[in-house]
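Trainee: give me coordinates for this.
(4 chains)
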There are 4 protein chains.
Amino acid sequence: MANNGARDPFDNISPIDYRYWSKRLSKYLSENAFTRCKLEVEQALVRVLARRGICAATVVEAVAQACARVTTAEVYAEEERIHHDVRALVNCIRAHVSDDAKPYVHMTATSYDIVDTANAVRYRNAMQEVLLPALTVLLRVLVECVHRYANTTQIGRTHGQHAVPITFGFAMAEYVHRLGNSWMALRALTAEIPGKFSGAVGAYNASSLFFEDPEEFEREVLEELELQPSEFSTQVVPPEALTRLFSEITIAAGILANLADDLRHLQRTEIGEVGEAFAADQVGSSTMPQKRNPINFENAKSCWKIVMPRIITVFMDQISEHQRDLTNSASARTYGEVIAYVVTMTERLARTIAKLSVDPERLAHNLALQRGLIVAEPLYIMLAALGHPHAHERVRQLTLRAQREARPLEVIAAEDVELQPYLARMTPRQRAILADPTQYTGIAAAKAVKIADYWKLQLQ
Amino acid sequence: MANNGARDPFDNISPIDYRYWSKRLSKYLSENAFTRCKLEVEQALVRVLARRGICAATVVEAVAQACARVTTAEVYAEEERIHHDVRALVNCIRAHVSDDAKPYVHMTATSYDIVDTANAVRYRNAMQEVLLPALTVLLRVLVECVHRYANTTQIGRTHGQHAVPITFGFAMAEYVHRLGNSWMALRALTAEIPGKFSGAVGAYNASSLFFEDPEEFEREVLEELELQPSEFSTQVVPPEALTRLFSEITIAAGILANLADDLRHLQRTEIGEVGEAFAADQVGSSTMPQKRNPINFENAKSCWKIVMPRIITVFMDQISEHQRDLTNSASARTYGEVIAYVVTMTERLARTIAKLSVDPERLAHNLALQRGLIVAEPLYIMLAALGHPHAHERVRQLTLRAQREARPLEVIAAEDVELQPYLARMTPRQRAILADPTQYTGIAAAKAVKIADYWKLQLQ
Amino acid sequence: MANNGARDPFDNISPIDYRYWSKRLSKYLSENAFTRCKLEVEQALVRVLARRGICAATVVEAVAQACARVTTAEVYAEEERIHHDVRALVNCIRAHVSDDAKPYVHMTATSYDIVDTANAVRYRNAMQEVLLPALTVLLRVLVECVHRYANTTQIGRTHGQHAVPITFGFAMAEYVHRLGNSWMALRALTAEIPGKFSGAVGAYNASSLFFEDPEEFEREVLEELELQPSEFSTQVVPPEALTRLFSEITIAAGILANLADDLRHLQRTEIGEVGEAFAADQVGSSTMPQKRNPINFENAKSCWKIVMPRIITVFMDQISEHQRDLTNSASARTYGEVIAYVVTMTERLARTIAKLSVDPERLAHNLALQRGLIVAEPLYIMLAALGHPHAHERVRQLTLRAQREARPLEVIAAEDVELQPYLARMTPRQRAILADPTQYTGIAAAKAVKIADYWKLQLQ
Amino acid sequence: MANNGARDPFDNISPIDYRYWSKRLSKYLSENAFTRCKLEVEQALVRVLARRGICAATVVEAVAQACARVTTAEVYAEEERIHHDVRALVNCIRAHVSDDAKPYVHMTATSYDIVDTANAVRYRNAMQEVLLPALTVLLRVLVECVHRYANTTQIGRTHGQHAVPITFGFAMAEYVHRLGNSWMALRALTAEIPGKFSGAVGAYNASSLFFEDPEEFEREVLEELELQPSEFSTQVVPPEALTRLFSEITIAAGILANLADDLRHLQRTEIGEVGEAFAADQVGSSTMPQKRNPINFENAKSCWKIVMPRIITVFMDQISEHQRDLTNSASARTYGEVIAYVVTMTERLARTIAKLSVDPERLAHNLALQRGLIVAEPLYIMLAALGHPHAHERVRQLTLRAQREARPLEVIAAEDVELQPYLARMTPRQRAILADPTQYTGIAAAKAVKIADYWKLQLQ
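Mentor: Numbers count the residues shown, from 1 in each chain, chains lettered A, B, ... in the order given. Alright, predicted model coming up:
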């Protein structure tokens, strides 16, 4: 059998198993992790059977010891023989207990009472122990970034074109806000993943043979695992709890990709406002020794391109005929990879942004590039407020002239006879902005701090 | 210009505009609907400007009258001239008011203060006035179906194979539960779609020129439209509120498709448990006059194949560089189609299921097909409970023998010497199930009714 | 019925039917276009029936006249009554001919003999008359662009960072090459779309009743439409001919999006090497009068985000149970939209690039930004060629020093004692490149011209 | 470092690395395989350098020996230090050669000259050595199946409803045809994957320093690897060669999924025409010992749900800014998994179909289910051919009566006074079909054999 014995990790096929693999990811998302979760469910079952007097208390301990000995390799070998994965697991447990205990292993359960409940356990654990903490770390890095650069003026950009000024802290606050909300949504969805113990078609056919209250029995088993039962199930838990969880993970990945894209573009040679820190020995190119590439931001974008389309697999797995078909047999095994990739993106962005190099000179230089032009918005709006009936069109024409003559817009405006009466009625603060558009940042700094403070509190 | 004058609907290219179009969908999801929403936002703005004493109260009425006159065709003609859609709208309003009122139209606003806020209004309205009510109707039809067939026994199916019995009402309760939860989620997400009024890059640069409290000003404008501001925005509202809404719409569509698939397969010639009602004049095939095809269930599945992949467009639109780029200029215009298709699916399923023909004879016939075999599960479980150490394997071998000899499993089990001591200790209820497996439905009927009752209450 | 009478185009829901609609797109891709194609197929059938002596020659003319009178609205009204679209069409033709001719309308045909063959006709026509010509125009624009800027030096960029120089013509030649190949592939795939006339399940059951050689009969009918029969069919033509066509259309759209993205970024304020031409009256922003946004490039990218995910619908439509199910009933009706959007992208890019403003000063300015550094590659390679064992690492360290000291790399290299022996052995041409890295463009200009010339020839 | 030392395969995260992994897949698709391909490219380079007299012939052997010693683990350790994967590989080779040879390793090459060319080699090899042979085996199994069941009558099904008869061999011939064409397309696309050796931005900047004919130099290097150069390249090979290859792989997977779906449904308890062979020890369910589930067909469908959406990743990777960005750094590493999954599907289907159990009794039983009704098509068509002006509608009404009265349609037709004159004029063959509709199979058998024979020949 292919999986016998240890393997050179570089003989693996998926990059998640050689390039991006880590012990911590594996602890929660590997096949071994899944086996352990299934064994936990089988143990929860016998604990409840014993508590209800169906089997002796000694069975609980016997099964626990058996489960501690079962290995995935052993289960796969048994599956090879009987072609059924969960029955193989059951047989392996049974092989380690006495004949007295054997009947109580898996009693009344159908395979997916075990599998779907184990899935609930493992995805909950992976979220709570790995992805959510990683997002918390990144959010803290971003919050700190906002505080540090709350007052560092930056030109705002729309359509890749200079618009009006903000601060770099304000730009980063966008991601605190968006990612914070996604982190919050992920926490709620994680807490709601249900299990099931309703038998082969969900009607408690088997458990009804023994219990007056099969739904209560289900609740007790799941309580052992700190799970709630699905309000309704067939052979399987309705897929939507996981569909929603993975939709939100996809959303979080989209936010990370957007963040990475923004920083990647700000690192362009011509912009140069930020840059990934570069190690002393780091090589930028195998042939161009001078290159400093945003490889971490590129990697985050790339991971998004891996995980985002996979939500289609999850959406297709919503469809299962009648009380279930098994056309998710292989596909559902790939969901964990999505979590693993998003952890990778998150941790890499946290590391990179924590050491982000921000260049105040380039920020100032870029802001000044079109200084004369970015004053067009406040000029137009102030003229309009002062009653100019065609302020937008008037200013638009002045900007064309400013560009033609390569002279500052405020100078051209100041010379314009028709505008004199309006300019004269402006407040000193308004006039100050026309003279120095770097002051035209609205409440950027204050808003950035407000957002950062709010989320800092949430993260505690 | 291409859109001048009226058009034969069959000259349209998208089926949503000839085959599935309706006045009600158009009222909320057409370009005209969008124009009206944008005009509403412009009016909300001047109402607040007047209330705050920036402009005279007469401006409000003037702008309202102007907006009532503006047509989409007029706006498109102006856009043709100036190549900017929102400025074109503003110009059209301005053209209908006096010079005194002109400066206050669109004052301090950026295009996307209008567009994104109008999007919030139109998607909220389309959800609340069309899709959510359609889902409510379908849910009621399903609830009634559950009540009617709560006790109608049906063979449960897993892997397309007969498993153990349920009731048809129980089978339909699955969809009440799943769709009910999605309807609930959609209501919550609809209520949360935010607007914005924070200006060109989200830092309230322009509104800060006039107001001490630009965020409060934003709140007032949005309150006019019964919207909340986004906690943070750039030139645009962060996309995730809509991403989540359309993810959940996609989820709802997946549930509908699964329902359609189940019914479609139950209508297969060999199964025949349910069928779409057939009109007297209805033709099943252009060449096979006898055909009775599940065309409505097929259509629902097909609409899912249209809308599901489009969530990728929505996920891609999450990425917008810096304070926004406009690479969603065309793509964001297609979101409404998704709602329209899902309304179509929902209404069609409601109509078809309301008249679903259910054939009790075929249900009973199919249930009996393997009667001898479906007793295998209760037999194995009872034997195990009575202490048989290898009950599953023992029963598995008996089923092979039952198939070989084409004799009922319970007869073969009754003859088996080794099993005698166990069979003798079974309760009468347990023995009754072995004799008549149609009784082996667990709590299917009760659970179905419980689910239906719960959701009936929610729907009120 | 919803579609009665003419409609305000702005009451449509899909942007393809208000914003991007055109008469020419409609001529090939509307529902009316589809009706006409289906009528053509029905006429091809009776022509062959007459030629084979099954019906009188007069039937051909009678059916032709009937088809000329049938309208889509009439067919929809009949479908409303009988719930079958193709039978409705047949009934409409029959209603316009005498009883003598009636039996020969649709004779031996199943619905999908008509529908799939009509689809072959309409997609072939739409490709040959609209999309392929649009791509030809764009390719010609690009070829001209390559010729014009073959020698205009531009800094090459990898990872958004300056690499080594190319020419702007070379950069555009990439798109001539990629798009040229896709255009070629599209032509081949278009020519191969097959039709079918093999009856209800593809076994020629009905036509075998009349013809010894039903496959020959099929060939004759399809020849009337300049189509080939599918080598094998069921009720439907195997989907892959269209799957491949739409995959390639998706690929073409990806190339267009990449082109648009490149130009969009080159128009960034800080880069400014190219720009969309701006009309005198054009408005860049509703609030920032100075803005010059790349709205056409953004639109092309956005259209890609619409069409690309829709390939998933096409891939899902590959699966049709047994001799066909109809779960593509709605989805297959949307394929034409994809062609329409890609035509829109193509035409818009052609228009925009034909008037592209290219700024030689900014090209030169940007190229000079890091002049000292881009010489790192040739320096390292020449050192290596001259036998320096650690040239890459040595040069990497010199670039760090050049950045630290803000001095040109070639000066620092010239001062370096260890490098003297190597530098002394360089050829004059090599030394010239170190002194003026703008000469370090390899064969960029020649290669660009070669590519452009090759494709110019193909386009003739 | 995470990848140090050997690992329990069940600590892997992707199912392709524990459940579906095999030595043969790994040989062509693992990271080790990729390293070997990159080393091959580096060796091809020095061979050509030596042939052209740039370096001594001894360098070739020195580099070959060095490459034989380089391990992936060593390369990763070096990358850990310098943060550049290809430079790390180059350093590892250089570490194993003398200072004399060092300068010629990687000379004039950029990283992606190596990476993209190595990708061409590995995907070509994986296709030619694994996927194409697996498809050949499956096609042979299908061809044999067609021959064996060419004359086994089966009811044709459209919409899941009985239509008119075919043969089971004809049903399988569909897949020979569709999969055969995809296999053919895959062979052609595999043969066309290009490499590149055009340097850092594709303009041969570096190689032009040494060669008059850098394109000829590129051709020589690639010839060593039996590859052709891309007609044009930037830092990277234009992506479309791989995009097309993976599109076609996705298409092949769709055909496999459809085949699996058809067989899965034919195995439904109520249909039972075919079934997966069941091993003596095989367990169908952990709780229902009688179950015989189509787990292999379900698995094939499920693998399709994994791979199909991943084409979106490939389509997104088409977009790379300017002369390339690296936002495909992670995503492009996942392409090999797609090949691995499709190999898995293919081999599993071949194994399962080779042992497919086909039940002639159930085929006959199902065919007879509606015998009276399936004659409706030939009856209608013959009546029409004999001049009945309303044959379709007339027969449609008779079928309704046949269903109402539960009597055979041919009997009811025979009694019908109006139809007498038409029936009297039918040929004996036509009358025979009305009496025994199992004869109404058209040319199903002959066509099936023709298709099978054609493809058998192609496969040789």
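Trainee: what is the burial count for A:Q43?
Mentor: Neighbourhood size, A:Q43 [other CB atoms under 10 Å in any protein chain shown]: 20. Glycine gets a C-beta too; all of them are placed from N, C-alpha and C.
Trainee: correction: A:G156
Mentor: By other CB under 10 Å, 32 other residues sit near A:G156.
Trainee: now it. Nearest residue, chain neighbours left out?
Mentor: Once flanking residues are discounted, A:G156 sits nearest to B:V201: 3.4 Å by CB to CB, 6 or more residues apart in numbering or on different chains.
Trainee: which SS class is that neighbour?
Mentor: Assigned with DSSP: H, G, I helix; E, B strand; the rest coil, B:V201 falls in the coil class.
Trainee: need the strands for chain A, in chain order.
Mentor: A:153-158, A:161-167, A:274-275, A:357-358 (DSSP state E).
Trainee: out of the ones you listed, which gets nearest to B:H365?
Mentor: For the strands of chain A, proximity to B:H365 was assessed by CB to CB; strand A:153-158 is nearest, at 66.7 Å.
Trainee: thinking again about what came up before, which residues sit in contact with the residue nearest to A:G156?
Mentor: Applying CB atoms under 8 Å, 6 or more residues apart in numbering or on different chains, we find B:V201 in contact with A:G156, A:T158, A:A163, A:V164, A:P165, A:I166, B:T234, B:Q235, B:Q323.
Trainee: follow-up on the earlier one: so can I have TSV of the strands of chain A showing distance to C:T117 and mean pLDDT?
Mentor: As requested, those are exported to TSV (distance: least, CB to CB, whole Å; pLDDT from 0 to 100):
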stretch	distance to C:T117	mean pLDDT
strand A:153-158	49	97
strand A:161-167	50	96
strand A:274-275	58	94
strand A:357-358	63	95
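Trainee: would you reformat the ones you listed as CSV and include distance to A:A332?
Mentor: Output for the strands of chain A, formatted as CSV (distance: least, CB to CB, whole Å):
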stretch, distance to A:A332
strand A:153-158, 42
strand A:161-167, 44
strand A:274-275, 40
strand A:357-358, 43
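Trainee: how about low-confidence regions in chain A?
Mentor: Under the criterion pLDDT under 70, the flagged ranges of chain A are A:1-4, A:287, A:289-290, A:371.
Trainee: what's the local residue count around A:A432?
Mentor: Close neighbours of A:A432, defined as other CB under 10 Å, add up to 13.
Trainee: for it, what are its contacts?
Mentor: Taking CB under 8 Å, 6+ apart, one finds A:Q439 in contact with A:A432.
Trainee: is any part of stretch A:409-422 close to chain C?
Mentor: Yes - Stretch A:409-422 reaches chain C (CB under 8 Å from any CB of the partner chain) through A:L409.
Trainee: contacts for that stretch, please.
Mentor: Counting by CB under 8 Å, 6+ apart, A:372-373, A:375-376, A:379, A:382-383, A:386-388, A:394-395, A:398-399, A:401-402, A:405, A:423, A:434-435, C:290 sit against stretch A:409-422.
Trainee: and if you look at stretch A:439-450?
Mentor: By CB under 8 Å, 6+ apart, stretch A:439-450 touches A:146-147, A:150-151, A:153, A:164-167, A:169-170, A:172-173, A:374-375, A:377-378, A:432-433, B:199, B:203-208, B:214-215, B:232.
Trainee: repeat that for stretch A:179-190.
Mentor: By CB under 8 Å, 6+ apart, the residues outside stretch A:179-190 that reach it are A:123-124, A:127-128, A:131-132, A:135-136, A:138-139, A:142, A:241, A:244-245, A:248-249, A:251-252, A:255-256, A:259, A:455, A:458-459, B:231, B:238, B:240, B:244.
Trainee: tally up the residues packed near A:A435, please.
Mentor: Residues within reach of A:A435, counting by other CB under 10 Å, total 12.
Trainee: nearest residue to it in space, please, no chain neighbours.
Mentor: Closest residue to A:A435 apart from its sequence neighbours, by CB to CB, 6+ apart: A:E410 at 6.5 Å.
Trainee: kindly report the same for A:T35.
Mentor: A:T72 (4.5 Å).
Trainee: and the one you found, what is it in contact with?
Mentor: Neighbours of A:T72 in contact, by CB under 8 Å, 6+ apart: A:E31, A:N32, A:T35, D:F10.
Trainee: in these, which residue is surrounded by the most others?
Mentor: A:E31 (26 neighbours).
Trainee: check the gap between that one and B:V314 for me.
Mentor: Here A:E31 is placed at a distance of 33 Å from B:V314 (CB to CB, to the nearest Å).
Trainee: centroid-nearest residue for chain A?
Mentor: For chain A, the residue lying nearest the average C-alpha position, counting by CA atoms, centre = their mean, turns out to be A:A252 (3.5 Å).
Trainee: quick check: that residue vs chain C, distance?
Mentor: Distance from A:A252 to chain C, counting by CB to the nearest CB, to the nearest Å: 20 Å.
Trainee: give the contact list for that residue.
Mentor: By CB under 8 Å, 6+ apart, the residues touching A:A252 are A:L135, A:L179, A:S182, A:W183, A:L186, A:V342.
Trainee: I figured A:S207 hits A:A200, correct?
Mentor: No - shown here, A:S207 and A:A200 do not form a contact pair, counting by CB atoms under 8 Å, at 10.3 Å.
Trainee: ignoring the adjacent residues along the chain, who's closest to A:F34?
Mentor: Using CB to CB, 6+ apart and skipping the chain neighbours, the partner closest in space to A:F34 is A:R122 (5.9 Å).
Trainee: that should have said A:P103, apologies.
Mentor: Using CB to CB, 6+ apart and skipping residues adjacent in sequence, the residue nearest A:P103 is B:A384, 4.1 Å away.
Trainee: surely the one you found and A:A109 touch.
Mentor: No - with contact defined as CB under 8 Å, B:A384 does not reach A:A109; the gap is 10.9 Å.
Trainee: where does the stretch 51-200 of chain A get nearest to chain C, residue-wise?
Mentor: Relative to chain C, the nearest point of the stretch 51-200 of chain A is A:H159 (3.8 Å; CB to the nearest CB).
Trainee: my read: that residue touches C:K291, true?
Mentor: Yes - taking CB under 8 Å as the definition, A:H159 is a contact partner of C:K291 at 7.2 Å.
Trainee: more crowded one of these two?
Mentor: Neighbours were counted for A:H159 and for C:K291 using other CB under 10 Å; A:H159 has more, 28 against 24.
Trainee: contacting residues around the closest residue to that one other than its chain neighbours?
Mentor: Ranked by CB to CB, 6+ apart and with sequence neighbours excluded, the top spatial neighbour of A:H159 is C:N293, at 3.8 Å. When contacts are counted by CB under 8 Å, 6+ apart, C:N293 touches A:T158, A:H159, A:Q161, B:L326, C:G284, C:S285.
Trainee: if I pick the third one, what's in contact with it?
Mentor: Yep, that's A:Q161 we're talking about. Each residue near A:Q161 by CB under 8 Å, 6+ apart is listed here: C:Q267, C:R268, C:T269, C:G284, C:K291, C:R292, C:N293, C:P294.
Trainee: which pair in the residues you listed spans the largest distance?
Mentor: For these, the farthest-apart pair by CB to CB is C:R268 and C:G284; their separation is 14.5 Å.
Trainee: near chain C, which residues of the stretch 101-250 of chain A?
Mentor: Proximity of the stretch 101-250 of chain A to chain C, by CB under 8 Å from any CB, involves residues A:I155, A:R157, A:T158, A:H159, A:G160, A:Q161, A:H162, A:A163, A:V164.
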